[in-house]
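*Asks:* Return atomic coordinates for the entry below.
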Amino acid sequence: MAHYREWLPTTRGKILAMCREWITALIAYASAWNVPQNVITELQTLFALAEAAFDAAKDSSERTAYISAKCKAAFRALVAKMRLIKRHYFLSPPLADADYALLGLKPRDKARSLVPPPIDQVLAEISRPGIHLLELHFRPAPEALLDQHRGDYGCRYYWGVMPPGGASVEAATGEKRELMNVPTSGALLPFSKFTRRKKERIDFAAGDSGKRVFFCVRYENAKGEAGPWGQIFSSIIP
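*Replies:* Residues are numbered from 1 along each chain as shown. Model prediction:
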């Protein structure tokens, strides 16, 4: 396992121990770290399969090629998922040094070269891949200034859901924080998420079908410094 990046332990037993710590931390901090429940569930499933394969290989008196291959495949899938979670959720705000320590990872390198705040706008187009699903496809605005640091930026997309006629005071101040009026600025949208991917899929609750969701996006560097707002755009949730 020496070909894996240095953040990963070098033995399968230690990989399982790290993953167990990740699962505990993700369950506790899923909301604060913006990690969807399905991501945690997938990690738990892969962890259970890898742990079972590891125990079978360890306890087997005759470790056959089949048992070894099954164990190797299980750990390959688990490590791939851990790498994906690390890249998508641990390398962007709001994780702090204490969070990295909780996960058994090294704190971010603060000595790296500074990336200035973004100066270009970013836009997004919407596709509808399925029921309750919307997908945002990010692209630079046509008048973008071709910032040389653009490759170092991610996108933060903001959203808020508004039922027909606007939300009641109770719905607007409750957990879902639904919108009472059409927003005029991205700053008025209650939820946001940072991503480095070129597209993001959002799975809305079944009860949100038929409601309008408003979006706004802007570039953001690793320090959380944001570029100019894009335009507000919206879609009906399938």
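*Asks:* Now do the domain split for the protein, please.
*Replies:* Annotated domains of the chain cover 12-102, 122-236 [automatic domain parsing].
*Asks:* This structure: helices as residue ranges?
*Replies:* Shown for the chain, the helices assigned by DSSP state H span residues 12-29, 37-59, 65-85, 97-102, 169-173.
*Asks:* Out of those helices, the one nearest residue 150 is which?
*Replies:* helix 65-85 (23.2 Å; C-beta to C-beta). Backbone N, C-alpha and C define where each C-beta goes, glycine included.
*Asks:* got the contact list for the closest one?
*Replies:* 4-5, 8, 12, 15, 18-19, 22, 26, 35, 39, 42-43, 46-47, 49-50, 52-54, 56-57, 60 (C-beta atoms under 8 Å, 6 or more residues apart in numbering).
*Asks:* try 10 Å this time
*Replies:* Helix 65-85 is contacted from outside by 1, 4-5, 7-8, 12, 15-16, 18-19, 22, 26, 33, 35, 39-40, 42-43, 45-58, 60, 63-64, 90, 103, using C-beta atoms under 10 Å, 6 or more residues apart in numbering.
*Asks:* Looking at the helices of the chain, which is nearest to residue 210?
*Replies:* With C-beta to C-beta as the criterion, residue 210 lies closest to helix 169-173 of the helices of the chain, at 14.9 Å.
*Asks:* model confidence over the closest one, on average?
*Replies:* Mean pLDDT, helix 169-173: 86.
*Asks:* ok, now stretch 189-203?
*Replies:* pLDDT averaged over stretch 189-203 gives 93.
*Asks:* can you pull the buried residues of that stretch?
*Replies:* Neighbour counts over stretch 189-203 (16 or more other C-beta atoms under 10 Å) mark 189, 192-195, 200, 202 as buried.
*Asks:* What about the nearest residue to residue 198 once chain neighbours are set aside, how many residues nearby?
*Replies:* Distance criterion C-beta to C-beta, 6 or more residues apart in numbering; nearest residue to residue 198, sequence neighbours excluded, is residue 138 at 5.7 Å. Neighbourhood size, residue 138 [other C-beta atoms under 10 Å]: 19.
*Asks:* Equivalent analysis for residue 230, please.
*Replies:* Neighbour count of residue 230, defined by other C-beta under 10 Å: 21.
*Asks:* which residues touch it?
*Replies:* Residue 230 is in contact with 121-124, 138, 141, 155, 157-158, 186, 215-219, counting by C-beta under 10 Å, 6+ apart.
*Asks:* Mind listing residues that contact the lowest-mean-pLDDT helix or strand in the chain?
*Replies:* Lowest mean confidence among the helices and strands of the chain (mean pLDDT, DSSP states H and E): helix 97-102, at a mean of 78. The contact list for helix 97-102, computed with C-beta under 10 Å, 6+ apart, reads 7, 21-22, 24-25, 28-29, 32-33, 90-91, 95-96, 105-108, 110.
*Asks:* Give me the buried subset of these.
*Replies:* Listed as buried from those are 22, 25, 29, 33, 90, 95, 105; burial here means 16+ other C-beta under 10 Å.
*Asks:* wait, doesn't the last one sit right on residue 9?
*Replies:* No - look at residue 105 against residue 9 with C-beta atoms under 10 Å: they stay out of range, at 11.0 Å.
*Asks:* Filter the contacts of helix 65-85 down to just the buried residues.
*Replies:* For the contacts of helix 65-85, buried by 16+ other C-beta under 10 Å: 8, 12, 15-16, 18-19, 22, 26, 33, 35, 39-40, 43, 46-47, 49-51, 53-54, 57, 90, 103.
*Asks:* quick one: low-confidence parts of this structure?
*Replies:* Confidence mapping of the chain against pLDDT under 70 gives the ranges 1-6, 59-63, 92-94, 108-113, 144-145.
*Asks:* State the distance from residue 80 to residue 147.
*Replies:* Computed as C-beta to C-beta, to the nearest Å, the residue 80 to residue 147 distance reads 32 Å.
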